[in-house]
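S.K.: Need coordinates for the below:
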Amino acid sequence: MCLTGVDYFSTLGYQPAIAALAAGLLSPLATIVLVLLTLLGALPVYRRVARESFKGSGSIAMLEHLLPWWAGKLFVLVLLGFAATDFMITITLSAADATAHAVENPFAPEWFEGNNVGITLVLIGLLAIVFLKGFKEAIGIAVALVGIFLTLNLIVIFVSLAHIAENPLVVSDWWTALTTQHGNPLVMVGIALIVFPKLALGLSGFETGVAVMPQISGSPTDTPENPAGRIRGAIRLLTSAAIIMSAFLIASSIVTTFLIPAEEFQDGGAANGRALAYLAHEYLGASFGTVYDISTICILWFAGASAMAGLLNLVPRYLPRYGMAPQWARAVRPLVLVFTVIALFVTIVFDADVDAQGGAYATGVLVLITSAAVAVTLSARRKREKKLTLGFGAIALVFMYTTVLNIVERPDGLKIALLFILGIVLISAISRIRRSFEIRATEVTFDPAARAFINEDAERGVIRIIANEPDDGSEQEYRSKNEAERRYSHIPRNSRIIFLEVLTADSSEFEEELVVEGKVKHGYRVLTVRSGNIPNTLAAVLLEIRNLTGIVPNAYFEWTEGNPISNMLKFLFFGTGEVAPVTREVLREAERDAKVRPNIHVS
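M.R.: Predicted coordinates:
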């Protein structure tokens, strides 16, 4: 909870000031709207996500299978773009805000002033060092930082509430100003509903909450198919964090609105972006205020830890499996270095400006929560749960409204997110093309009949495989193919042959587990395997036959008609194209020794 909470709870460093600036005297009411949306909207949605996507893939995994083929992959890449926006901007924005708190502290060295970018870069570098050290260390630091930060906030809020109790005039002054300014209570509610999307930063942390589910140990009775203990733990994590944060948000909005003059929230004001820090200095002295500032700086710096954890859980689950990232992208340390370089670049581009990054942060958060709400709505609909479908549907509509309003208000957020999406799509496409000639099968298994066919021929010392594109499955098809290959490829009449057929599946998939089945069709022995990519699958099966028998197989193909360029595009997008030369190239890449490489004959 603390690892995901460093992002969620750290928003107390700036959320009350944002609420006061956006809603003014209505800040407590707008915050209550946000809390209701958290407890009655985001929390139920992500409790459902935790039950149905318990492997840490989050709501994206639930939406992955809604669209078939390449449309589904592109959809996931877009969502990953928004996730990258959310998580990456969390790292850079939080570090920049930590720097701002450090610079504004009265005891800060003079050289801090004007060096925001440099300090922010150092903080991001220190965060990377923690993750290079290990994930366990990151969790330990998160527990300490969250415990100290929440305790200090509790002290500030209790002291502020005591001050309000001793000076009830501030409450009556607030109420008088509120009724004078707005009058009708319905108008107040309406304004609160309009401005609360600006407070959306207070919803961060839910997606990372489910992203780190694999770190929850669960119970001894958990199974991979039903990790009930892990799910219960994740639900407790989400619920505890939401309740704690909701209490702090309401209390902080009340004390900051009642006790801090409105002009202090404006640009250049002492409470701008640091409302609770202002109260800590005001009512508990400079020494306590400095301790509070140090705690806030630390948790804001480490807020990027939950984002880094989210990225380290999400990226390896999708891009390498799609062939859209190299295999090393499954490893933690190389990814940490890549994400750190990107964060350093983003910080330099935005000049470590918190406000400039706020729109992108809110956009990323809201799009992910909206996608989660849509995912659970569709899930409930598939399971014919009418009441839940209506409830989740209503929540999805509210989040859609909030997202659209935020984008209209701050379109720069969408622009930044689109840059992340474009970058992910381009890098993914380049990686997919570069990895086109890899052996994509993670495992190749033969059923007993298929293994018997191979062993029979292996005992004779030669294995001849004829690649056949399945047509009508008639006796004429196999007889004609057999005669043609024997004639044009000079296969001896008395030599045994086995047909190998690839039954087409989703060609957008990259990594596959292949199951080869043996069948007898019209007296001919036939191996069938289902896959979305024909050349790579044929190569994988031929290599596995060699490995199982120790005999280098001979495979026979016929040339494919068509333009070479169009055939190459067919291979990249549909897994077909010019099968023979591509199969041979895949084999050449996989096996450098020509003496033990399966032989390809084309006629």
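
S.K.: contacting residues for residue 217?
M.R.: 229, 230, 233 (Cβ atoms under 8 Å, 6 or more residues apart in numbering). All C-beta spots, glycine's among them, are computed from the backbone N, C-alpha and C.

S.K.: Leaving out the residues flanking it, which one is nearest to the last one?
M.R.: Same thing as residue 233. residue 216 (4.3 Å; Cβ to Cβ, 6 or more residues apart in numbering).

S.K.: And that neighbour, what's its pLDDT?
M.R.: We have a pLDDT of 83 for residue 216.

S.K.: ditto for the one 4 residues further on
M.R.: The score at residue 220 is 85. That number is its pLDDT.

S.K.: Can you get me a residue count around residue 602?
M.R.: Counted with other Cβ atoms under 10 Å, the neighbours of residue 602 add up to 18.

S.K.: what do you get for residue 407?
M.R.: Neighbour number of residue 407 under other Cβ under 10 Å is 20.

S.K.: okay, the contacts of residue 217 in TSV with distance to residue 178, neighbour count and pLDDT next?
M.R.: Shown next, in TSV, are the contacts of residue 217 (distance: Cβ to Cβ, whole Å; neighbours: other Cβ atoms under 10 Å; pLDDT from 0 to 100):
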residue	distance to residue 178	neighbour count	pLDDT
229	48	15	88
230	46	21	88
233	43	20	89
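
S.K.: Just give me the closest of those residues to residue 106.
M.R.: When the contacts of residue 217 are compared for distance to residue 106 (Cβ to Cβ), residue 233 wins out at 42.8 Å.

S.K.: can you confirm that closest one is in a helix?
M.R.: Yes. Remark: residue 233 belongs to a helix, assigned using DSSP: H, G, I helix; E, B strand; the rest coil.

S.K.: Would you confirm that it contacts residue 214?
M.R.: No. Counting by Cβ atoms under 8 Å, residue 233 stays clear of residue 214, with 11.3 Å between them.

S.K.: Now the helix or strand harbouring residue 149: buried residues?
M.R.: In the assignment (DSSP states H and E), residue 149 maps to helix 135-166. Residues of helix 135-166 classed as buried: 135, 138, 141-142, 145-146, 148-150, 152-153, 156-157, 159-160, 163-164 (neighbour count, 16 or more other Cβ atoms under 10 Å).

S.K.: same deal with stretch 42-54?
M.R.: Per 16+ other Cβ under 10 Å, stretch 42-54 contains these buried residues: 42, 43, 44, 45, 46, 47, 48, 49, 50, 51, 53, 54.

S.K.: And stretch 577-595, by the same measure?
M.R.: So stretch 577-595, judged by 16+ other Cβ under 10 Å, has buried residues 577-587, 590-591.

S.K.: what secondary structure does residue 592 sit in?
M.R.: Under three-state DSSP, residue 592 comes out as coil.

S.K.: could I get the buried residues of stretch 577-595 as TSV with pLDDT and distance to residue 267?
M.R.: Conversion of the buried residues of stretch 577-595 to TSV gives the following (pLDDT from 0 to 100; distance: Cβ to Cβ, whole Å):
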residue	pLDDT	distance to residue 267
577	72	59
578	81	63
579	84	65
580	85	68
581	87	65
582	87	61
583	88	65
584	89	66
585	88	61
586	88	60
587	90	65
590	86	61
591	86	65
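
S.K.: if we can go back for a sec, and for the residue nearest to residue 233, the neighbour number?
M.R.: Around residue 216 there are 20 residues (other Cβ under 10 Å).
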